[in-house]
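**Q** Need the 3D shape of this:
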Amino acid sequence: MKISLLLLAQFLLLISYSQKTAGPELTSQKVTISGTIKDRRTAETILGASVYILELKQGTWSNEYGFYSLTVPPGNYTIQVSYAGFTTEEDSIVLEANYNKDFQLSESGKELQNVTVSSSKKRSEIRNTEMSVNKLSVQTIKLMPVVFGETDILKSILQLPGVTSAGEGQSGFNVRGGSADQNLILLDEATIYNSSHLFGFFSVFNADAIKDLKLYKGGIPARFGGRLASVLDIYQKDGNRENFRVSGGVGLIASRLLAEGPINKGKGSFLVAGRGSYGHLFLKLSNNKNSAYFYDLNAKLNYTLNAKNKLYLSGYFGRDLFDLNGSFVNVFGNSFGNLRWNHLFSDKLFTNLSMIYSDYYYGLKIDAYGFKWASGIRNFNVKYDFKHYLGNSTRLTYGVNVQYYKFNPGKIEPFDDRSGFRTTQLDKKYAFEPAVYFDADQTISKHLSVSYGMRYSLFYRLGKQDINLYTNNQAVIFNNNFGIYEKAVPIGIRKYGTNETIAKFNNPEPRIALSYAFNDAQSVKMSYNRMTQYLHLISNTSSPTPLDIWSPSDRFFKPQILDQLAIGYFRNFKDDVYSLEIESFYKKIKNKVDYIDGSELIVNNALEQVILNGSGRAYGAEILLRKNSGVFSGWLAYTLSRSEQKTPGRSVQETGINNGQWYRSNYDKLHNVSITGIYKRNAKWTYGAIFTLQSGQPVNFPNGQYTYQDITIPNYGLRNGNSLPLFHHLDLSATFTPRKRKSGTGKSEWVFSIYNLYNRNNAASINFRQNRETAKNEAVKFSIFGIVPGITYNFKF
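**A** Take a look at the predicted model:
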C-alpha cells in the first residue's frame, strides 16, 4: 500500500511538473490539432501512422485506435501523414484555434515493397525511444513462402532477429532465449493461451482478418505485464465502413472466407471471417476413419455513437480435433470476447475501457480405457487506459488492469463400465491480479528523448483448496544416499475457504528507455525493463503441447522476475532505402521453474513435489539489415545468443539440478540466420524467398549403457549436453495476379510455393535403439517435412 501511494504521488507530481515545464505548449498561446487517421478505401483506422509538421520538425503517431493529437503555436503549417504501404498525404492548414482534422491515406496495394517510406516516418523511428520492437505488415507476410502455402503470422515472425522455435511442426515461439509461455500473445487485447493449430503446423491467426501486429522483445511499455520474454500485440480489422466486400482463399489444406461491410453507412461496420482445414476428407475417400482438422471464426462490430464515443465488440472461437477412429479423440482451442468503449474527454485526453473474457479448453477421450479428460483456464479482464497528450514534448499513458483467473488442472470422468477410473477432479485453482501503471514519453532536447514508467502489480492466490503441508515447507527432499531429489510426504493439510488468500505477492516493475539522435539518420538507444510473471505453464518439453496446463504462483511456485537491459545503434542510409539495427541484450531471471529428474506432470495434484526454483540468464546480439524500397526488398536477420539456467542445491548437502551448474535451456540456439527477399518483377508477378539456418536445439543423448537382469538401460550425462544437427531450409513463392477485367470489380491471385526446396531432412528428434538384425546400437533421426509444394487461390470482390 505504501508503494502504491508513493507511485500515485510521483505520478501526480509528474503531471504537475509537465504542465509547469511544458511552458507555452500548454498555455492559451497554443492550439491543438487532433483527429483520426483512416484508410481511404475502407475507412479502417490506421495505428502507428506518422503525423509530422514540416515547419516545426515535430510529430507524433496515431494510437491503437488511429487517434492523434499535436499542440502547436497558431500559424500556417504543412502537415505530412505517412504509413508504410500507403501513399504520403500533405495538407496546408491555418491553425488559429483548436481544430479537428481526420486524414485518409490511400493504399499502395501490392506495390508495398516499391514504396519509399517517407522522411517523416524515418525521422520519427530514429528519434523515438522505441527499441527491441519489430513490425510486419500483413501485405508483406502474405508474400512470404510458408509450408502448404498457408499465410502464417507466427511462422513469419520467426524470420525476425531474436525469434526462434523448437523446429518444424512445433507450436509456440521463443524470444531472446525465453520459453514459449513467457510470451504474452494478445488478439484485440485478449490473451491467447495456445497460438497453434494442428500441434504447431498452423497458427490460430487468420491473416485476412488481421490489421496490424507488433512484437515487443524489450523496452516493453508499462501497460503490458504478466509475461517475461515478449508481447505480441495483434489487432483485428474493424471492417469496411464504405462498401460490402467478400474475400477469401482456397488452398491444398485449408480455405477461408471473410465478409465485411458498413452498418448505417459511415457510423459503423462489421467483419466475419471463417477458416477451416479439410485434409482429413481425403482420408475418408480412402476409407481411413482417422481425422485431424481445425476451424476458427473471427468476428468484430464497431459503431460510432458520436464524435466522442465509439463501441467495439470483437470475438474469436477456434477448435482443433484429432480423432483416431474414435479410439482416441482430442479437442482443444481458444475463445474470447471483448467489449470496448473509446471515449474522448478532450482533444488531449483519449480513453479506452475494455471488458474481456478469454478461455482455453483441452479435452481428451480414450476409448480403450473408458475415460474422458478435460482441463483449461479462464480469464476475466477489465482494463481502463488513458492517453494524455500534455504537449508535443510530453505524452502520458496510465491506467488500471484487473484480472481474475479460474484454473482447471484436469477432470477425469469414466463413460462406460470398462473403465477402471472413477470421477476425479484435480483441485481447481483461482487467482486475482490487479495492476496500475503509468508511462511518460518526453522530448528533452533536439537530440535526447526519454520514456519512463512503472507498473505495480499484485497477485492473490485464492481458495477454495486444500494445501499440503511439508516439513520445513519443502515439498521436494534430497536423498543423500542416492544423490537424487524425491517427492516429500505431506505432514498435514491446510484447508482454505472460498476466496481466502493462500499466498500474495506484489512487485514494482520499472521501465526506462533513452534515445540519443546524432541527426535524422542515426541514433543510439538504451532500455531497461523489469517484468513479473505470475502464471506458469507446466511443461518439460521444448515446445508447448495442448496437454500442458497453466498454474498460478503460490508458496512453492514463486513469481518469475526478469530484468533486461538492451543497448542498440540505429542507422538509415540513402534516405531510408536501407536501414540497420544492431542491438545487444542481457536478461536475468529469478525463480525460474525447474523439474527434478523423473518428474510426473500429468494428472498430478501435488505439482510442488516435482519442481524447484532456480535462475536463468540470456544474452546476445542481434543484427537486422533491411532494404525498404525498390522492386527488390527484404532483410537479413542474424542473432548470436546464449540461454542458460541454473538450479543450485538449497544446502551444502544438495547437488542441485545438473550439479548446480549453468546448463543450456531447451530454447538455446547459438546462431540464428534468416534471409528474406521479395522481388516485384511486374504488375503480374511477385516472388518471395526465405533461407533459414539455426543451431540445433539442446537435447540429451545417452553416453553409455549398462545391463541389469538382461535389461539394457541407457545412461545419461549432464542436462542438455548435446545438440541436434544444424537446422536449415530454403523456401520459395511466386504470386501471380491476373490482369483485372475492365468490366469486373473483383481481384484474384494465385500463390505458388515450395517449402524446403532442396528437401533437407531436418531432425525433429534423434532416438537410440538396438538394431534387431545386427544387435548394434543405432541412432534414428525423425524428420517432419521434406520438400512441400503448395498452391492457394485468393479472391476479393
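
**Q** list the contacts for the residue nearest the centre of the chain?
**A** Residue closest to the average C-alpha location in the chain (Cα atoms, centre = their mean): Leu232, at 2.8 Å. Counting by Cβ atoms under 8 Å, 6 or more residues apart in numbering, Leu232 touches Ile157, Asn183, Leu184, Ile185, Leu186, Leu213, Lys214, Leu215, Tyr216. In this view, the C-beta of every residue, glycine as well, is placed from N, C-alpha and C.

**Q** Now flag whichever of these is closest to Gln709.
**A** Nearest to Gln709 out of the contacts of Leu232 is Asn183 (Cβ to Cβ; 46.4 Å).

**Q** Surely the closest one and Ser230 touch.
**A** Yes: using Cβ atoms under 8 Å, Asn183 is in contact with Ser230, at 4.9 Å.

**Q** residues bridging contact with these two, i.e. touching both?
**A** Val175.

**Q** average model confidence for stretch 84-92?
**A** Stretch 84-92 carries an average pLDDT of 87.

**Q** how much space is there between the residue nearest to the centre of the chain and Phe350?
**A** According to Cβ to Cβ, to the nearest Å, Leu232 and Phe350 sit 24 Å apart.

**Q** Extract the residue ranges of this protein that are flagged as low pLDDT.
**A** Scanning the chain for pLDDT under 70 picks out 1-28, 109-124, 282-286, 418-419, 542-544, 546, 741-744.

**Q** what's next to stretch 334-343, contact-wise?
**A** So stretch 334-343 is contacted by 65, 187-194, 204, 308-318, 350-361 (Cβ under 8 Å, 6+ apart).

**Q** and with 6 Å instead?
**A** Residues outside stretch 334-343 that contact it (Cβ atoms under 6 Å, 6 or more residues apart in numbering): 65, 188-190, 192, 194, 309-318, 351-360.

**Q** now stretch 775-791: how far from the chain's centre is it?
**A** 30 Å (Cα atoms, centre = their mean, to the nearest Å).

**Q** Start and end of that stretch, how far apart?
**A** 46 Å (Cα to Cα, to the nearest Å).

**Q** rewinding a little: beta partners of the residue nearest to the centre of the chain?
**A** Using DSSP bridges, the beta-bridge partners of Leu232 come out as Ile185, Leu215.

**Q** do the same with Leu344
**A** Phe350.

**Q** thought it was touching Asn309?
**A** No: if you go by Cβ atoms under 6 Å, Leu344 and Asn309 don't touch, sitting 7.6 Å apart.

**Q** Which residues does stretch 709-724 contact?
**A** The contact list for stretch 709-724, computed with Cβ under 6 Å, 6+ apart, reads 658, 663-664, 696-706, 763.

**Q** ok, Tyr77 to Lys588 distance?
**A** For Tyr77 relative to Lys588 (Cβ to Cβ), the value is 47 Å.

**Q** hang on, I meant Asn76
**A** Distance from Asn76 to Lys588, by Cβ to Cβ: 53 Å.

**Q** Show me which of the two is the more surrounded one.
**A** Counted by other Cβ atoms under 10 Å, Asn76 and Lys588 do not tie: Lys588 has more neighbours, with 14 against 10.

**Q** Which one of the contacts of stretch 709-724 is nearest to Asn290?
**A** Ala763 (25.8 Å).

**Q** So that closest one lies in a helix, does it not?
**A** No: secondary structure of Ala763 (DSSP: H, G, I helix; E, B strand; the rest coil): coil, not part of a helix.

**Q** Give me the phi and psi for it.
**A** phi -80, psi 120 (degrees, to the nearest 10).

**Q** Tell me how far it lies from Phe785.
**A** 12 Å.

**Q** Make sure Gln533 is actually in contact with Gly225.
**A** No: at 8.7 Å, Gln533 does not count as touching Gly225 under the criterion of Cβ under 6 Å.

**Q** wait, doesn't Pro725 sit right on Ala763?
**A** Yes: contact criterion Cβ under 6 Å: Pro725 and Ala763 qualify, at 5.3 Å.

**Q** Compare neighbour counts for those two and give me the winner.
**A** Just comparing Pro725 and Ala763: by other Cβ under 10 Å the higher neighbour count belongs to Ala763, 21 against 12.

**Q** measure the closest residue to Asn591 other than its chain neighbours to Arg530 for me?
**A** Spatial nearest neighbour of Asn591, chain neighbours left out: Lys558 (3.9 Å); criterion: Cβ to Cβ, 6 or more residues apart in numbering. Using Cβ to Cβ, we find Lys558 at a distance of 15 Å from Arg530.

**Q** and the contacts of Leu232 as a markdown table, adding distance to Tyr758 and neighbour count?
**A** Shown next, in a markdown table, are these (distance: Cβ to Cβ, whole Å; neighbours: other Cβ atoms under 10 Å):
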| residue | distance to Tyr758 | neighbour count |
| --- | --- | --- |
| Ile157 | 24 | 20 |
| Asn183 | 31 | 23 |
| Leu184 | 37 | 21 |
| Ile185 | 33 | 24 |
| Leu186 | 37 | 19 |
| Leu213 | 30 | 22 |
| Lys214 | 34 | 18 |
| Leu215 | 29 | 21 |
| Tyr216 | 35 | 22 |
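
**Q** could you dump these to TSV with distance to Tyr303?
**A** Shown next, in TSV, are these (distance: Cβ to Cβ, whole Å):
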residue	distance to Tyr303
Ile157	32
Asn183	32
Leu184	29
Ile185	27
Leu186	23
Leu213	25
Lys214	26
Leu215	30
Tyr216	30
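
**Q** distance of Asp359 from Val231?
**A** Counting by Cβ to Cβ, the gap from Asp359 to Val231 is 20 Å.

**Q** With neighbour numbers in mind, choose between the two.
**A** Val231 (22 against 19).

**Q** Was I right to think the more buried one contacts Ala222?
**A** No: using Cβ under 6 Å, Val231 is not in contact with Ala222, being 11.6 Å away.

**Q** Please enumerate the helices of this structure.
**A** 2-21, 119-127, 138-141, 153-157, 279-285 (DSSP state H).

**Q** For burial, what's the neighbour tally of Ser551?
**A** 20.

**Q** distance of it from Asp427?
**A** 11 Å.

**Q** Over to Lys101?
**A** Counting by Cβ to Cβ, the gap between Lys101 and Asp427 amounts to 57 Å.

**Q** Repeat that for Asp296.
**A** From Asp296 to Asp427 the distance is 31 Å (Cβ to Cβ).

**Q** thinking again about what came up before, pick out whichever of the contacts of Leu232 sits closest to Lys592.
**A** So of the contacts of Leu232, ranked by how close each gets to Lys592 (Cβ to Cβ), first place is Asn183, at 15.4 Å.
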